[in-house]
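Trainee: Sequence plus the predicted model coming up.
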Amino acid sequence: MISFLFKTIKPQNKPAAVIAFGLILLITAMIIITNVGYGDKFWPYMVNTPYADKVGHVGIFGTLSYFCNLAFSNRLSKRRFKIFTTTTFIILVVVTLEEISQAFIPSRTCDILDWTADLIGLALGQWLAHLTLKKASRSGNANPNSTSN
């Protein structure tokens with residue numbers, strides 16, 4: 001399955017793409033578990049620790065943004081707002097739709113602060129990926145995303 005995906009989407013950095021794919025599967029599982037009402041049982045510390053949920057949003061989406069931006073083209077979007085890369089913009093759209101969908105799921109709450117934490121994570125991940133790629137290109141690697149695979 002992964003080889004089919006790689007032939008279809010052609011990542012520039014296969015190890016980062018594998019990690020990004022794993023994170024997408026993990027996030028999907030977390031969403032399903034929470035949507036069916038078992039989130040509190042799997043992650044009780046999120047309920048009991050102040051702001052743990054927000055820190056979790058920043059961390060998971062920052063990590064996803066970092067590895068996706070390393071794996072795929074790191075060009076800025078050609079849209080009017082050139083803040084996000086195309087990769088980050090796609091993640092932003094999916095995250096926004098998922099957050100809005102929570103308003104229609106009884107076991108979930110649509111929270112603007114969760115979405116804001118997602119945005120902060122996406123921006124941090126993109127920024128760190130940019131710094132990583134910049135440092136790799138300065139160190140003499142002509143293509144910092146190239147792999148030997």
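Mentor: Yep, that arrived.

Trainee: Distance of the most centrally placed residue in the chain relative to G39?
Mentor: Closest residue to the average C-alpha location of the chain: L64 at 2.8 Å, with CA atoms, centre = their mean. Noted for L64: a distance of 19 Å to G39, by CB to CB, to the nearest Å. For the C-beta atoms, the positions are set from N, CA and C on the backbone; glycine is no exception.

Trainee: show me where the protein has helices.
Mentor: 2-9, 14-35, 39-42, 44-48, 52-71, 86-101, 112-138 (DSSP state H).

Trainee: So which elements touch the longest one?
Mentor: Right, helix 112-138. Contact partners of helix 112-138 among helices and strands, from 3 or more CB pairs under 8 Å, 6 or more residues apart in numbering; DSSP states H and E: helix 52-71, helix 86-101.

Trainee: Excluding covalently adjacent residues, which one is nearest to A117?
Mentor: Closest residue to A117 apart from its sequence neighbours, by CB to CB, 6 or more residues apart in numbering: H57 at 3.6 Å.

Trainee: returning to what we had before: list the contacts for the residue nearest to the centre of the chain?
Mentor: Residues counted as contacts of L64 (CB atoms under 8 Å, 6 or more residues apart in numbering) are 20, 23-24, 27, 91, 121, 125.

Trainee: and it, how far is that from T34?
Mentor: From L64 to T34 the distance is 16 Å (CB to CB).

Trainee: now do L23
Mentor: On the measure of CB to CB, L23 and T34 end up 16 Å apart.

Trainee: Correct me if wrong: I60 contacts I120.
Mentor: No: contact criterion CB atoms under 8 Å: I60 and I120 do not qualify, at 11.8 Å.

Trainee: These two - which one has more neighbours?
Mentor: Counted by other CB atoms under 10 Å, I60 and I120 do not tie: I60 has more neighbours, with 18 against 15.

Trainee: who are the neighbours in contact with the residue nearest to A117?
Mentor: 114, 117-118, 121.

Trainee: Likewise for I112?
Mentor: No contacts exist for I112 under CB under 8 Å, 6+ apart.

Trainee: rerun that using 10 Å as the cut-off
Mentor: Counting by CB atoms under 10 Å, 6 or more residues apart in numbering, I112 touches E99.
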